[in-house]
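Peer 1: Okay, here's the prediction I keep looking at, along with the sequence it came from:
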Amino acid sequence: MKRFADDTYGSTLDKVNTTALGSVEKAFAVKSGFFNSNTAAESQFNRSKTIDRHYLAHEYFNRDWQPFYFSDIMNFPMQRFLLSGLLNYLTTIWAFTPMKPAGR
């Protein structure tokens, strides 16, 4: 949807209402293969149509918004450090916490 909105002129709300949502609506109408094989996409899209347009514009049509994959996050050294610190804490806490049987 963002790509459709980026290729047009007008206010952000106009882009959300007509260009982005309208383009996806047309794809549903022609029964495109993506929506036929991903039935959850239709319910997610229908839910997004009920959300406040200002919120949609802010969250999904921000000009600086960059979608990324989970693997991209794991490639950042700081993220790996934080995750390893959390895992280290979880393994350490079990070493010092006495385990008691239930009911005692």
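Peer 2: Sure, I can see it. Numbering: from 1, shown residues only.

Peer 1: Next, the contact list for F45, please.
Peer 2: 24, 28 (C-beta atoms under 8 Å, 6 or more residues apart in numbering). Bear in mind the C-beta positions are built from the backbone N, C-alpha and C, glycine included.

Peer 1: Low-confidence stretches in the chain?
Peer 2: Along the chain, the parts satisfying pLDDT under 70 run over 1-9, 65, 73-74, 76-104.

Peer 1: Helices along that one, start to end?
Peer 2: 2-6, 12-14, 21-29, 33-37, 39-50, 53-60, 70-74, 77-96 (DSSP state H).

Peer 1: buried residues in the fourth one?
Peer 2: Taking 16 or more other C-beta atoms under 10 Å as the basis for neighbour counts, the residues of helix 33-37 that come out buried are F35.

Peer 1: Give me the residues contacting it.
Peer 2: Contacts of helix 33-37 (C-beta under 8 Å, 6+ apart): 27-28, 41-42.

Peer 1: Outline the domain layout of this protein.
Peer 2: 1-66, 69-97 (automatic domain parsing).

Peer 1: Neighbours of Q66, how many?
Peer 2: Using other C-beta atoms under 10 Å, Q66 has 6 neighbouring residues.

Peer 1: Check H58 too.
Peer 2: With other C-beta under 10 Å as criterion, H58 counts 12.

Peer 1: Please shift the residue numbers so they start at 51 in all later answers.
Peer 2: Taking 51 as the first residue, the last one we looked at is H108.

Peer 1: That one and D64, how far apart?
Peer 2: For H108, the distance to D64 equals 15 Å [C-beta to C-beta, to the nearest Å].

Peer 1: picking up where we left off before, for F120, state which of the contacts of helix 83-87 is nearest.
Peer 2: A91 (19.6 Å; C-beta to C-beta).

Peer 1: Give me the nearest residue to that closest one, chain neighbours excluded.
Peer 2: Counting by C-beta to C-beta, 6 or more residues apart in numbering, A91 lies nearest to F85, which is 5.7 Å off, once chain neighbours are set aside.
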